[in-house]
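Colleague: have a look at this prediction, sequence included:
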Amino acid sequence: MWLRDGLFREMVKTLLLTAIVGLPGLFASRANALESMKTCAGVEITSINVATDTGGHWPASTKAEIDVVPQSSAAPEGNTRALEVIAYGPILGSAMNSPEVKTDLACSPDGVTLGVIIQHYGDGDTFKNALWRSKITLGLTLREDAVFQTIWKMRRPDGTELDRFQTAPYPEQKYPITVTKMLRSVSGQYLDRSEAFGQNSPLKAEIKSAWTTVHNHEDFSLATELRNTGDSEILIQSMSCAYSTWVADNPSVHVGAAVACGNHTLVKMSLKPGQVLHGIASVHVVLAPGKEQNQSVTFRLALKDETPPNWSNAVTVNVAR
């Protein structure tokens, strides 16, 4: 009789899920040493582990993200690199979403895509809602530079997908959520990333502005140069959209035009000793509210995703409101 009671079944489901995600630390929802060996262009997936992270007090700005942990700079043969890639999902709650996510690996033209399906089974008791996020750890072997992408989707039991969802007290998020990360390889004929970038890097960035006065929120162009001042060839990779290549050290300066870039692809090139790579970057300044009509703004640019940043020379422009 009790088992036929729909209300009782819902109570049991809620209690079980709360118990699962209520455990401190990580609950391994699925951990397969070699769940799906997959080889794509330039990258091989050697392992995948799916777990549920419940041990954090995440700030309101927390979003889905990708973290990369180098396991080696190069294999003995000098043409592969081992990496651990960690894909973190959005913040969710046990009262509305199942911690048992479904994953799928697929090859893309530039690397590999990890698809993740989050199961949404309706609104539950928010007073018993335990927050959690997926943590998916993959072991990779790189033979050349590759793009790693995660696509998070939320799906109801009937198969329909949600286009937006909010886990209180966090902001509403639109679905699907796509996160992209460039993975750096190491080859014997190129400098290692730790040698090619940083404060003592042979790769020097220079920017020039033909504008001395610009308007607030208005795009203007910078001439960019990357010069190899060393004795070894350097491998450069960037996305074709400028906003994914450069980052500014001044929070008031934003790289990339306001319009969308329709051809967002990975571009690979090598820079021989003494060679210079010329380009154009579109930037705009967003001043904080104030009474001043004009304001002087100084900034530098560096290649995005490089640690530590390889900053260019400084440029100063006068910004008119």
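Modeller: Happy to help now that I have it.
Colleague: read off the pLDDT value for Arg143.
Modeller: Listed pLDDT for Arg143 reads 82.
Colleague: what number of residues lie near it?
Modeller: Per other Cβ atoms under 10 Å, the neighbour tally for Arg143 reads 17. Where C-beta positions appear, they are placed from N, C-alpha and C, glycine not excepted.
Colleague: wouldn't it be in contact with Gly42 here?
Modeller: Yes. Here Arg143 reaches Gly42: they are 5.1 Å apart, a contact under Cβ atoms under 8 Å.
Colleague: looking at it, Asp67 is touching Ile136, isn't it?
Modeller: No. Counting by Cβ under 8 Å, Asp67 does not reach Ile136; the two are 10.8 Å apart.
Colleague: who's more crowded, those two?
Modeller: The residue with more neighbours, out of Asp67 and Ile136, is Ile136; 20 against 12, by other Cβ under 10 Å.
Colleague: what segments of the stretch 101-250 of the chain are helices?
Modeller: Secondary structure of the stretch 101-250 of the chain (DSSP state H, counting those that start in this stretch): helices at 193-196.
Colleague: shaky segments in the stretch 151-300 of the chain?
Modeller: 185-200, 235-244, 257-269, 291 (pLDDT under 70).
Colleague: one more time with 90
Modeller: Judged by pLDDT under 90, the stretch 151-300 of the chain has its weakly predicted residues at 167-173, 179-205, 210-211, 217-219, 221, 224-247, 255-282, 287-295.
Colleague: strands of that one, start to end?
Modeller: Under the criterion DSSP state E, counting those that start in this stretch, the stretch 151-300 of the chain contains strands at 164-165, 173-174, 177-183, 203-209, 213-215, 220-228, 234-239, 246-248, 253-255, 266-271, 276-285, 294-299.
Colleague: with distance to Glu100 added, can I get those strands in a markdown table?
Modeller: Output for the strands of the stretch 151-300 of the chain, formatted as a markdown table (distance: least, Cβ to Cβ, whole Å):
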| stretch | distance to Glu100 |
| --- | --- |
| strand 164-165 | 17 |
| strand 173-174 | 20 |
| strand 177-183 | 18 |
| strand 203-209 | 45 |
| strand 213-215 | 52 |
| strand 220-228 | 46 |
| strand 234-239 | 34 |
| strand 246-248 | 37 |
| strand 253-255 | 39 |
| strand 266-271 | 33 |
| strand 276-285 | 44 |
| strand 294-299 | 46 |
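Colleague: looking at those strands, which is nearest to Val50?
Modeller: strand 177-183 (16.3 Å; Cβ to Cβ).
Colleague: against which helices or strands is that closest one packed?
Modeller: Applying 3 or more Cβ pairs under 8 Å, 6 or more residues apart in numbering; DSSP states H and E, one finds that strand 177-183 contacts strand 65-70, strand 81-88, strand 146-155.
Colleague: that strand to strand 81-88, inter-axis angle?
Modeller: 160 degrees (axes from the mean of the first three to the mean of the last three Cα atoms, to 10 degrees).
Colleague: list the buried residues in strand 177-183.
Modeller: Under the neighbour-count criterion of 16 or more other Cβ atoms under 10 Å, strand 177-183 has Ile177, Val179, Thr180, Lys181, Met182, Leu183 buried.
Colleague: quick one, that strand and strand 146-155 angle?
Modeller: Going by the same axes, to 10 degrees, strand 177-183 is angled at 160 degrees with respect to strand 146-155.
Colleague: given strand 177-183, what are its sheet partners and their directions?
Modeller: Listed by DSSP bridges, the sheet partners of strand 177-183 and their directions read strand 146-155 (antiparallel).
Colleague: for the closest residue to Ile280 other than its chain neighbours, which residues make a bridge with it?
Modeller: Once flanking residues are discounted, Ile280 sits nearest to Ser221: 5.5 Å by Cβ to Cβ, 6 or more residues apart in numbering. Beta-bridge pairing of Ser221 under DSSP bridges involves Ser282.
Colleague: same thing with Thr103?
Modeller: Under the criterion used (DSSP bridges), Thr103 bridges to Val116.
Colleague: I'd like to know how far it sits from Val214.
Modeller: 46 Å (Cβ to Cβ, to the nearest Å).
Colleague: equivalent analysis for Trp132, please.
Modeller: 46 Å.
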